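Colleague: Could you work out the structure for the sequence below:
(2 chains)
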Amino acid sequence: MLSRVANSIFWLYRNVERVENSARFLDVNFNLALDLTRVTAEQWSPLIQVLGAEKNFESLYQKYDRNSVIEFICFNEGNPNSIWNCINKARENARSVRGHLTKELWEQINKLWYYIQQEREQSHSTDPDPRIFVDKVKRECQLFYGISDCTISQNEGWHFGKIGVHLERADNTSRMLDVKYHILLPSLKSVGTTIDRIQWVALLKSVSAYNMYSRKHGRLVPLHIAEFLILDQEFPRSILHCLQKAEQSLKSISGNYGQTFQNQAEKQIGLIRSDLSFAEIDEIFQHGLHEFLDQIQIKVNSISDAIYQTYFSIKHQDLAP
Amino acid sequence: MTEKDRHFTNYPLETAFDEMFDSSLNVRETYERYRLFLNDLSLDNLQELQTATDQAQRLMGMTFQVHGDERGLEKVLQLDIIPRIIADREWKIIEGGLRQRIKALNLFIQDIYHGQKILKDDVVPEHLILTCPDYLSQCKGLEPPRGIWIHITGTDIVRDAEGTFRILEDNLRCPSGVSYMLENRKIIKATFPNAFDQIHVQPVNVYPQILHRMLEYIAPASPATIVVLTPGIYNSAFYEHSYLAQEMGVELVEGRDLVVKNDFVYMRTTAGLQKVDVIYRRIDDKFLDPVHFNSESMLGVPGLFDAYRKGHVALANAPGTGVADDKAIYPFVPDIIKYYLSEEPILSNIKTYNCAHKNDLEYVLENISDLVVKETNAAGGYGMLIGPKSSKHDHDRFRGNVKANPRNYIAQPMIDLSTVPSLVSTGFEPRHVDLRPFIIYGQQIEVIPGGLTRVALRKGSLVVNSSQGGGTKDTWVTYD
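Modeller: Residues are numbered from 1 along each chain as shown, chains lettered A, B, ... in the order given. Predicted coordinates for the structure are as follows:
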């Protein structure tokens, strides 16, 4: 497969996942805001902080109010990770590799692009309740994955797409968890209060984990929730699960069926995945959850770089034939 | 005309040949069955179908990038749902004429880059070749695989007021539009499934297979790795490049994906370099290889021409074919046919004044307001003056241009292009059309039945180019 094509497929899927995550992010915070308005003021700034986009946001808006944050995350062209910019990139990636996609998959991404474009044009005149929009975006992204799994041959390209999805998803789950722990609840006083409970439920729902968590652990225990989102082997949005899937895909691409690595990308991901496989949640908390999550994000980036060097960059091929 | 023809009671027939009606508004035989079919539909039905068609095109991503639009505006090339129908007996003439013409033009190019017999025999003036910007001296002595230079052609044909089909332009370089021919048929089939039951239309969907077979035929190795080379997603025809690669199941590459080593061409893959045998290139000659041609080209591949010259890779079309579709050569094509094939041309040209000749030049300068003046090496409806529809100021400007560089201009009388009924908000009106059939030269010369009908959607307009308000129609060649 062409290196450029592999790279574009990787980013196509990664950008779709980013679109979905932004939609989830907004959805949860919006619901949270509705639940909390009586108790406390709406909190919109943490969303921007957890995205690491304060500077970017402040250069575009005066204050952290609902409309500004929604517009920033959904439509603003000045935000490189806005839903609008990500769907644009996804569609551009898809267009350049259309021959590797099915008609159905291409039309799905194209349809979603038209929908978001249309909403963007109307966004100034309509009600600032984004739930219909984000819900639809979320569903359309899930439909994209469904079509992809049912119509695309599970070959090299498909695996690059899967890696894109899983790295992005691991990164996202770590950020979601970070919102709750690092920012939403800086004081220990509210632990166990109603606000606390509402926030934990919201967090679980933001990664569609509420039902699966409840089946497995029942009561809302912060330690268990963190464990579920970081170390669970079965839940599809847990960090460990995502890294395992990405590792499997990487190994399918190189045809590596052993326990070691064949290239830097496999080495990087193998190291991180095995760290997590042998981690215990108590240790993570002792070490500091925020620091731990921060490290995860840095390591996911390093995997991404290693994949680029191994498969996408032009230099590596000057060795052959 | 019967009362039943509810859509056409006020059809404003013009002076042009109408493909559906004769001058007394009787339906021509070609459209007889289609008329019955249309009568069962109301105008509202038809408008709904037109809207659905527009939406289908958008969803499929059948869009093109508008030149010079910074924001990357995308436009749909509008597909008018009323087909252009050609009877098989008319088509057979076009088909035969095109085969003959392509065969002769291919021999002409071979001769130009070898012995130049035709120039020595003074059938075509030598100075026209030497001054042609698309004559590539690098191609001298070149032997393309199987002796074929023009593998893919999209000839422009028009029908004049007498109903005679005539060749307008030869388009031997990188003609585009075939994806629209193919997609239009899919959409119209979905729009009018019943019509296809009643009217038997010759299929066009074999095109990608014929193209693929031809590319294999010219390959230096078997099994061959075939690629389509595109300038990239911002090219206005990217949709087509991507479409053809997908239909043939081959890689779509950009120049940066290819590299030449030891005069072989490779593509950069996740598993290292992979040899490429055939390139269906959709970038112009001069951008192919910065070493041999335009040194500033970012689209091409350094060393590609060396690999080609050594026969390590095949290119379709071959470089250098532009010398034969230069508009200054066009008036000589009938003589070229006679010279190489000893046959009379089946399809005629349009009367053409070659400004390089003194007498013609004088005539053109004097009668510019009645003529269509074209730059010999421009395309897409650019660099063109339609005398009868232009201002005095434009006439003067073109007179100046022509005088300054007569070699670069030809002139033709304005052809009253034939019309086909097209759907407008109030019903049907005639709109002018041309026809671009596609021809593939492999083991045989194959002409796909139909082609792309381009239609000038602006009332009264004779310019069918997409850049100038043109749309398309599905083109049906019926079985007799």
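Colleague: The stretch 1-150 of chain B: helices as residue ranges?
Modeller: Using DSSP state H, counting those that start in this stretch, the helices of the stretch 1-150 of chain B run over B:32-39, B:43-60, B:88-112, B:117-120, B:126-130.
Colleague: now the stretch 301-450 of chain B
Modeller: Using DSSP H, counting those that start in this stretch, helices in the stretch 301-450 of chain B cover B:304-309, B:333-341, B:358-366, B:392-404.
Colleague: For chain A, which of those helices is the nearest?
Modeller: Ranking those by proximity to chain A (Cβ to the nearest Cβ) places helix B:304-309 first, at 14.5 Å. Yep, even glycine has a C-beta here, placed from its N, CA and C like the rest.
Colleague: Surely A:Phe160 touches A:Ile9?
Modeller: Yes - the criterion here is Cβ atoms under 8 Å, and A:Phe160 meets it with A:Ile9 at 4.8 Å.
Colleague: returning to that earlier point: point out the most buried one among the helices of the stretch 301-450 of chain B.
Modeller: Most buried of the helices of the stretch 301-450 of chain B, by mean neighbour count (mean count of other Cβ atoms under 10 Å in any protein chain shown): helix B:304-309, with a mean of 23.
Colleague: Average pLDDT for it, rounded please.
Modeller: Mean per-residue pLDDT for helix B:304-309: 96.
Colleague: same check, this time on stretch B:345-362
Modeller: For stretch B:345-362, mean pLDDT is 93.
Colleague: Endpoint to endpoint, it covers what distance?
Modeller: Using Cα to Cα, to the nearest Å, the end-to-end distance of stretch B:345-362 comes to 28 Å.
Colleague: List the buried residues of it.
Modeller: Neighbour-count burial for stretch B:345-362, counted by 16 or more other Cβ atoms under 10 Å in any protein chain shown, picks out B:Pro345, B:Ile346, B:Leu347, B:Asn349, B:Ile350, B:Thr352, B:Tyr353, B:Asn354, B:Cys355, B:Ala356, B:Asp360, B:Leu361.
Colleague: what's the answer for stretch B:25-40, then?
Modeller: B:Val27, B:Arg28, B:Thr30, B:Tyr31, B:Arg33, B:Tyr34, B:Arg35, B:Leu38.
Colleague: what does it contact?
Modeller: B:1, B:4-8, B:11, B:13, B:19-22, B:46, B:83, B:85-87, B:90, B:192, B:194-195, B:198-199, B:478 (Cβ atoms under 8 Å, 6 or more residues apart in numbering or on different chains).
Colleague: do the same with stretch A:74-83
Modeller: Counting by Cβ under 8 Å, 6+ apart, A:18-19, A:22-23, A:26, A:51, A:53, A:56-57, A:59-60, A:72-73, A:84-85, A:116, A:119-120, A:123, A:130, A:133-134, A:137 sit against stretch A:74-83.
Colleague: What of stretch B:238-254?
Modeller: Identification of contacts with stretch B:238-254 by Cβ under 8 Å, 6+ apart yields A:2, A:4-5, A:95-96, A:98-99, B:61-65, B:176-180, B:182-183, B:208, B:211-212, B:215, B:226-232, B:235, B:267, B:276, B:280, B:282, B:299.
Colleague: how about the buried residues of stretch B:345-362 in JSON lines, adding distance to chain A?
Modeller: Formatted as JSON lines, these follow (distance: Cβ to the nearest Cβ, whole Å):
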{"residue": "B:Pro345", "distance to chain A": "40"}
{"residue": "B:Ile346", "distance to chain A": "38"}
{"residue": "B:Leu347", "distance to chain A": "36"}
{"residue": "B:Asn349", "distance to chain A": "39"}
{"residue": "B:Ile350", "distance to chain A": "39"}
{"residue": "B:Thr352", "distance to chain A": "41"}
{"residue": "B:Tyr353", "distance to chain A": "44"}
{"residue": "B:Asn354", "distance to chain A": "43"}
{"residue": "B:Cys355", "distance to chain A": "43"}
{"residue": "B:Ala356", "distance to chain A": "44"}
{"residue": "B:Asp360", "distance to chain A": "47"}
{"residue": "B:Leu361", "distance to chain A": "47"}
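Colleague: which two from these end up farthest apart in space?
Modeller: Maximum pairwise distance in the buried residues of stretch B:345-362, criterion Cβ to Cβ, is 30.5 Å, between B:Ile346 and B:Leu361.
Colleague: Which residues are in contact with whichever residue of the stretch 1-150 of chain A sits closest to chain B?
Modeller: Nearest residue of the stretch 1-150 of chain A to chain B, counting by Cβ to the nearest Cβ: A:Gly99, 3.9 Å away. Residues in contact with A:Gly99 (Cβ under 8 Å, 6+ apart) are B:Ser242, B:Ala245, B:Gln246, B:Gly249, B:Val250, B:Glu251, B:Leu252.
Colleague: Same check on B:Val260?
Modeller: Residues near B:Val260 by Cβ under 8 Å, 6+ apart: B:Tyr266, B:Val301, B:Pro302, B:Gly303, B:Leu304, B:Asp306, B:Ala307.
Colleague: Between helix B:43-60 and the one helix or strand B:Ala245 maps to, find me the angle.
Modeller: B:Ala245 belongs to helix B:238-248 when assigned by DSSP states H and E. With axes from the mean of the first three to the mean of the last three Cα atoms, to 10 degrees defining the directions, helix B:238-248 sits at 80 degrees from helix B:43-60.
Colleague: Going C-terminal from helix B:238-248, what's the next secondary structure element?
Modeller: Criterion used, DSSP H and E; the element after helix B:238-248 is strand B:251-253.
Colleague: neighbouring strands for that following strand, and are they parallel or not?
Modeller: Paired strands of strand B:251-253, with direction, are strand B:226-229 (parallel) (DSSP bridges).
Colleague: centre of the chain versus the strand it pairs with, how much separation?
Modeller: 20 Å (Cα atoms, centre = their mean, to the nearest Å).
Colleague: hmm, who's touching that strand?
Modeller: Residues contacting strand B:226-229 (Cβ under 8 Å, 6+ apart): B:212, B:215-216, B:219, B:241, B:244-245, B:248, B:250-255, B:258, B:267, B:276-283.
Colleague: Please repeat the previous calculation with a cut-off of 7 Å.
Modeller: Residues outside strand B:226-229 that contact it (Cβ atoms under 7 Å, 6 or more residues apart in numbering or on different chains): B:215, B:241, B:244-245, B:250-253, B:267, B:276-283.
Colleague: And for stretch A:84-98?
Modeller: Contacting residues not belonging to stretch A:84-98 are listed as A:5, A:8-9, A:11-12, A:15-16, A:18-19, A:74-75, A:77, A:79, A:101, A:106, A:109-110, A:112-113, A:116, A:120, B:61, B:233, B:242, B:246 [Cβ under 7 Å, 6+ apart].
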